[in-house]
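Enquirer: Whatever this is, show me its structure:
(one chain, ligands or ions: 2)
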Amino acid sequence: MRILTGIQPSGTPHIGNYFGAMRQVCNIQDKGETFLFIADYHSLTTGPAPDALRSRVLELALNYLACGVDTEKTVLFRQSDVPEVCELTWILNNVTPVGLLERAHSYKDKIAKGFAPNNGLFSYPVLMASDILIYQSNLVPVGKDQKQHLEITRDIAIKFNNQYGEIFTIPDELIPDEVAIVPGIDGQKMSKSYNNTIPIFGKEKEIRKAIMNIVTDCKGLEEPKDPDHCNVVALYKLVATPEELEEMKERYRAGGYGYGHAKMALFEKLWNYFEPMRKRRAELESDIGYVWQILAAGAEKARAEATRTMDKVRRAVGLR
Ligand code: ADP
Ligand code: TRP
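Expert: Ligands and ions are numbered 1, 2, ... in the order given. Next up, the predicted model:
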């Protein structure tokens, strides 16, 4: 079984990204042969600065490798190292009805957010279909927001197979159980766009400061507190054992335990939780050449598979 997923490079990761997405990706590799790629072609649809794109690709590779992607189990590569996907995109464009793309929510959302309606943005789902089909993927783990893209992929694959013969595997999506939204330091959803994040790989001082700024009510040290409506407890829950969580809740209810104490306990837990990942990231960062080697080796494996599919596709459509 081939599992495949792509991730857009999007900057400094925070603990919401880790518990909401990165951890799931790292767990999937135990289920079967996994292809994991950095979707840099897709990033171009929103016009990033070239240097920013380049550095985010490396950043994403470092972060995922540090957080648990195991290259013994996972083929990690950069989308643009397999340019055959662009050739397949062109071919698939010719079996893709415009109406199918016009219905895509993600296109409409991006336009509503003010992105220029360029053709890359419009045909984004065709490139995504190529990513999936070129590697003959069976299972595609994605967030709920990508479900429609998988439906479009299946439509395109079925249409192509009907017209040209059984070339493509028809993929299924794997949508993980709803993960809890991680709150930011202001209690809203943690997000880069809200400036309320706790970065995974921040400096000690920066992380301590973010934690000390978590919004709480203004109950004094001695007063009993409500652990079930507290941002500090909600974050502590992610990194503490059930016993440790219960102990903190008891202290809240009993009084004589201030928010400052709880924040210090949260800092300790968080810092220790990410310690092995921080160490691994520092090691990788001191040997960037090795990270590029991993990406190159991944690209080679991915490209071998893509070449096999493209050979069949070119023959089927009459280009050979
Ligand atoms: P941001 O909102 O910071 O820009 P992204 O949109 O880049 O984050 O999200 C990347 C991944 O992390 C997505 O799969 C998203 O669902 C997940 N994610 C982001 N923020 C949270 C959060 N606060 N709680 C849970 N998951 C999150
Ligand atoms: N569109 C996906 C996202 O924004 C990223 C992506 C690109 C992808 N190609 C893919 C995901 C192929 C799964 C399979 O999250």
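Enquirer: and the stretch 101-250 of the chain, which of its residues are near ligand 2?
Expert: Residues of the stretch 101-250 of the chain lying near ligand 2 by C-beta under 6 Å from any ligand atom: 128, 131-132, 140, 142, 146. All C-beta spots, glycine's among them, are computed from the backbone N, C-alpha and C.
Enquirer: Make CSV from those and add secondary structure to it.
Expert: As requested, those are exported to CSV (DSSP: H, G, I helix; E, B strand; the rest coil):
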residue, secondary structure
128, helix
131, helix
132, helix
140, strand
142, coil
146, helix
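Enquirer: What about those, which one has the most neighbours?
Expert: residue 132 (30 neighbours; other C-beta atoms under 10 Å).
Enquirer: quick one, what contacts that one?
Expert: Taking C-beta atoms under 8 Å, 6 or more residues apart in numbering, we find residue 132 in contact with 4, 140, 150, 153, 171.
Enquirer: I'd like the distance between the last one and residue 35.
Expert: So the one you mean is residue 171. Residue 171 sits 12 Å away from residue 35, going by C-beta to C-beta, to the nearest Å.
Enquirer: can you list residues touching both of those two?
Expert: Common neighbours of residue 171 and residue 35 (C-beta under 8 Å, 6+ apart) are 4, 137.
Enquirer: so, if you compare the contacts of residue 132, which one comes nearest to residue 117?
Expert: Closest to residue 117 out of these is residue 153 (21.8 Å), distances taken as C-beta to C-beta.
Enquirer: what does the model give the one residue in the stretch 201-320 of the chain that gets nearest to ligand 1 for pLDDT?
Expert: Of all residues in the stretch 201-320 of the chain, the one sitting closest to ligand 1 is residue 238 (9.9 Å; C-beta to the nearest ligand atom). On the pLDDT scale, residue 238 is placed at 95.
Enquirer: wait, doesn't it sit right on residue 19?
Expert: Yes: look at residue 238 against residue 19 with C-beta atoms under 8 Å: they come within range, at 5.5 Å.
Enquirer: Quick check: neighbours shared by the two?
Expert: By C-beta under 8 Å, 6+ apart, the residues touching both residue 238 and residue 19 are residue 182.
Enquirer: okay, which residue of the chain is out on the far edge from center?
Expert: The centre of the chain is farthest from one residue, residue 222, which by C-alpha atoms, centre = their mean lies 42.3 Å away.
Enquirer: Doesn't it belong to a strand?
Expert: No: using three-state DSSP, the assignment for residue 222 is coil, not a strand.
Enquirer: Let the chain start at 764 from now.
Expert: Okay, using 764 as the starting number, the last item reads as residue 985.
Enquirer: which ones are touching it?
Expert: Counting by C-beta under 8 Å, 6+ apart, residue 985 makes contact with 1018-1019.
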